[in-house]
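Undergrad: need the 3D shape of this:
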Amino acid sequence: MRQLALIALVVLLLAACHRDSDKAGARGQVVNLAYATLPDTSLVRLALDRGFFAAEGLVVNAKPFAFGKLALASVLGGSSDLATVAETPFVLAIMAGEKLSISAVIANSDRNMAVVASESQGVTLPSDLVGKAIGVPLGTNGEYFLDAFLIARGIEKRSVRIVDLQPDQMLHAIQSGRIAAAVAWNPTLLHMKNSLAGKGRVFDGEDFYTASFCIAGTQDFVSKHPEAMRAFLRALISAEAFMTDNPVQARAMIGKDSGSDEASLATILDAFKFRVGIDKSFLLVLEDEINWVIRSRTTSLEAKPDILGLIDSEALSSVAPERVRFIK
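TA: Numbers count the residues shown, from 1 in each chain. Below is the predicted model of the structure:
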């Protein structure tokens, strides 16, 4: 028993030394982060507000964007090192030949996206969307959600008219009659639900889609900055622990950043699971979306990407191996 205790102590000491070494290696390193100002990035916002990145020795220059597609564009344009982004813009960039990798998933939800429709335009059932115009931000996971929704509800894609709209344009477009429905995510989704109360229908996708928000960067940056990546992920894990241990305080901080009232924020955040990790189910989502791109779009790639090659789990495996739940 004494020998086992000694071994456990040695393991803990070695782990502590490894953390201190990583922190020393990361100290002063600058990470330019493009993050979406969405509930999906709550862990990032907590890590910034609570100083968890700074505690790991990192200097994080955080630039806000309205949603993940725009944040990823900052990385692709060379202005940022890492981005918070949903899986679909990442897949579309990969299929366009970009060299990117995902280091971790930080949030997922099967209740954060839905089709919001107007009863005044004759939509009370999903089948009523036939012949109607539907708004969606193309190039986002909203586009993938809409395709999956139409298939799941037995609606031919050619029977609807798809209009490329930004989230802040959707409510006016419905109210003005330009479109009959829109694919929305929170907080836009909740705002539209409330604004169309009694005159709107909401069709969710809990049975066919789970959205994931990720930490993504260029393969070059991620592979060449291992200490910074480990420190970055440790800070997010600290933010996750803070959210778990201090839910009221965490929500107050997130609410302050988002401008949402307490009741709305509680409704929105309850739709999410905030956890830093990668598991096999996420790899299956990437594979499904790659196949979707191959079926529905033109791609410059000559061969289908290797799913495992899109994941750089080295930093997460080093920091918290139990959070990497697939075999590479």
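
Undergrad: contacts only, for L38.
TA: Counting by CB atoms under 8 Å, 6 or more residues apart in numbering, L38 makes contact with F67, G68, W185, N186, P187, F213. C-beta coordinates here come from the backbone N, C-alpha and C atoms, glycine included.

Undergrad: what is the nearest of those residues to P39?
TA: Nearest to P39 among the contacts of L38, counting by CB to CB, is N186 at 5.5 Å.

Undergrad: is it true that that closest one touches A114?
TA: No: if you go by CB atoms under 8 Å, N186 and A114 don't touch, sitting 9.5 Å apart.

Undergrad: neighbour count winner among the two?
TA: N186 (27 against 23; other CB atoms under 10 Å).

Undergrad: what's the closest non-adjacent residue to the more buried one?
TA: Spatial nearest neighbour of N186, chain neighbours left out: I268 (4.6 Å); criterion: CB to CB, 6 or more residues apart in numbering.

Undergrad: what sits against the one you found?
TA: I268 touches P39, N112, N186, P187, L190, S260, counting by CB under 8 Å, 6+ apart.

Undergrad: how about it, secondary structure?
TA: Here I268 is recorded as helix under DSSP: H, G, I helix; E, B strand; the rest coil.

Undergrad: and for the one 10 residues further on?
TA: For I278, the secondary-structure state derived from three-state DSSP is strand.

Undergrad: circling back to that earlier point, name the nearest of the contacts of I268 relative to G28.
TA: Among those, and counting by CB to CB, the member closest to G28 is P39, at 31.5 Å.

Undergrad: hmm, that closest one is touching I254, no?
TA: Yes: using CB under 8 Å, P39 is in contact with I254, at 7.5 Å.

Undergrad: need the residues touching each of the two.
TA: Shared contacts of P39 and I254, counting by CB under 8 Å, 6+ apart, come down to L265, L269.

Undergrad: of these two, give the one with the bigger neighbour count.
TA: Per other CB under 10 Å, whichever of P39 and I254 has more neighbours is P39, with 24 against 21.

Undergrad: residue contacts, that one?
TA: Neighbours of P39 in contact, by CB under 8 Å, 6+ apart: A107, N112, N186, P187, I254, S258, L265, I268, L269, F272.

Undergrad: ok, the residues you listed vs A54, which is closest?
TA: I254 (18.8 Å).

Undergrad: buried ones in the helix or strand that the closest one is a member of, by neighbour count?
TA: If you go by DSSP states H and E, I254 is part of helix 247-258. For helix 247-258, burial by neighbour count (16 or more other CB atoms under 10 Å) applies to A250, R251, M253, I254, G255, S258.

Undergrad: next one: stretch 310-328
TA: L310, I311, D312, S313, E314, A315, L316, S318, V319, A320, R323, V324.

Undergrad: tabulate the CA atom coordinates of it in PDB.
TA: Below are the C-alpha coordinates for stretch 310-328, written out as PDB (Å, rounded to 0.1, in the frame of the first residue of the first chain):
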ATOM      1  CA  LEU A 310      -7.900  16.600 -39.700                       C
ATOM      2  CA  ILE A 311      -7.600  16.200 -36.000                       C
ATOM      3  CA  ASP A 312      -4.400  17.200 -34.200                       C
ATOM      4  CA  SER A 313      -5.000  15.700 -30.700                       C
ATOM      5  CA  GLU A 314      -1.400  15.800 -29.500                       C
ATOM      6  CA  ALA A 315      -1.900  18.800 -27.200                       C
ATOM      7  CA  LEU A 316      -5.200  17.500 -25.700                       C
ATOM      8  CA  SER A 317      -3.700  14.000 -25.300                       C
ATOM      9  CA  SER A 318      -0.800  15.500 -23.400                       C
ATOM     10  CA  VAL A 319      -3.000  17.700 -21.200                       C
ATOM     11  CA  ALA A 320      -5.900  15.400 -20.600                       C
ATOM     12  CA  PRO A 321      -5.700  12.000 -22.400                       C
ATOM     13  CA  GLU A 322      -9.000  10.900 -21.000                       C
ATOM     14  CA  ARG A 323     -10.700  13.500 -23.100                       C
ATOM     15  CA  VAL A 324      -9.500  12.000 -26.400                       C
ATOM     16  CA  ARG A 325     -11.900   9.200 -27.100                       C
ATOM     17  CA  PHE A 326     -10.900   7.700 -30.400                       C
ATOM     18  CA  ILE A 327      -8.000   5.600 -31.700                       C
ATOM     19  CA  LYS A 328      -5.700   7.400 -34.100                       C
END
